[in-house]
Each structure stands twice: as structure tokens, then as C-alpha cells.
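Chemist: 3D model of this:
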Amino acid sequence: MREIVGSVTRERLPQIVLAIESLPDVARCRMEITPPPVALAARVADNEDAVARARVLAIALDPRAIQVARDAAKAADAIGYPRQTARASLVHGLALLLQQQRQAAATALDRAGHAALEAGDVTTAVEAFARRAYAVASSNESSAGRLDDTLARLDLVFRSQTA
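Modeler: Take a look at the predicted model:
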């Protein structure tokens, strides 16, 4: 974060302020992952099977991957266990990214990263924000501000692990 803020130019100052304001609350960055409540465990396991299927389809570049992953992410939302929402949204973002739908991928991956931080799943948060950075950086649009935002989030995750 210091590196980004320390090198900001006058022209980029509004983007840096926006990036800082969009950072998740540090208190949400926990080290422990809470297992799902017993009442949700079977639904989480079923959804994990759908997430695994979606990941395989995504990596195989199967056109069904996006819909399967979207359905898994919606089901995870309905379950209400943040870690599962993070994992399903990560695979949804991956499926979109591999099908060259970078803007939609960035949105899904951002969602995955925030849900992972809420769940205390740092590994998933780092993967989600790193893939989001790639999606933003490789898009055809002007993406400097969005990339800075993602890098700031990654910096926050790394710093929470060293604190």
C-alpha cells in the first residue's frame, strides 16, 4: 500500500482514494476458517461437488462451465456459508476468465475475494484477487485504476498475514 500511495501522481490521486475506500475492513481478515454449521454441512458438501464439476468444465474450456459455475455460486449464496460462496464465486470467475469474459470475471472474482476474507480463507482470497488482477490487466479497456484497487486488496491480505 505504501508503494502505491507513495508513488501516486496528481492525476491518479482520485483513483487511489477510491481504491483505499474500497478496501475491506481489516477486522474481517481472520486467520481461522470456521467449518460450516452441522445443519449446513450436507448442503455445503453437495455444492462443493457442483463447484468441482464447474472447475473441471472451466479448465476444459467447456461452454457449459459458465452456467454450471453460476448455478453453483447461486446455490452457495442460498446456503449462506461465506467460504462456500467464495469457492463457488472463484470458480465462476475462472470460468468467465477462461472464456475471455474479463469484465464479468473481475466482478465474480472480486466477490469471491471479499467472501473469502469474510470466511477467513486467505488462500482463496489471494487466488481470487490475483485472478482479478489478471482479468483487469488483460482487458482491452483502460484499467489502471481497477488494477491498483486489486493490488491494494492483495497488499491488505498479505499484510494481515504478517501482522
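
Chemist: show me what contacts S138?
Modeler: R102 (C-beta atoms under 8 Å, 6 or more residues apart in numbering). C-betas here are computed from N, CA, C, even on glycine.

Chemist: quick one: it and A72, what's the gap?
Modeler: Distance of S138 to A72, given as C-beta to C-beta, to the nearest Å: 24 Å.

Chemist: also I59?
Modeler: 15 Å.

Chemist: so the two - more neighbours on which side?
Modeler: A72 (27 against 13; other C-beta atoms under 10 Å).

Chemist: the more buried one reaches V91, doesn't it?
Modeler: Yes - counting by C-beta atoms under 8 Å, V91 is a contact partner of A72 at 6.7 Å.

Chemist: what touches both of these two?
Modeler: In contact with both A72 and V91: V51, A54, using C-beta under 8 Å, 6+ apart.

Chemist: mind listing the helices for the protein?
Modeler: Remark: helices assigned in the chain by DSSP state H are 2-6, 13-21, 38-59, 65-79, 82-98, 102-119, 122-137, 144-162.

Chemist: may I see the ones you listed organised as a markdown table, with mean pLDDT added?
Modeler: A markdown table is the format used below for these (pLDDT from 0 to 100):
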| stretch | mean pLDDT |
| --- | --- |
| helix 2-6 | 52 |
| helix 13-21 | 60 |
| helix 38-59 | 94 |
| helix 65-79 | 97 |
| helix 82-98 | 96 |
| helix 102-119 | 94 |
| helix 122-137 | 89 |
| helix 144-162 | 62 |
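
Chemist: tell me which of those helices sits most buried.
Modeler: Neighbour counts (mean count of other C-beta atoms under 10 Å) averaged over each of those peak at helix 82-98, with a mean of 26.

Chemist: now for it, which elements pack on it?
Modeler: Using 3 or more C-beta pairs under 8 Å, 6 or more residues apart in numbering; DSSP states H and E as the contact test, the elements touching helix 82-98 are helix 38-59, helix 65-79, helix 102-119, helix 122-137.

Chemist: just want the angle from that helix to helix 65-79.
Modeler: 160 degrees (axes from the mean of the first three to the mean of the last three C-alpha atoms, to 10 degrees).
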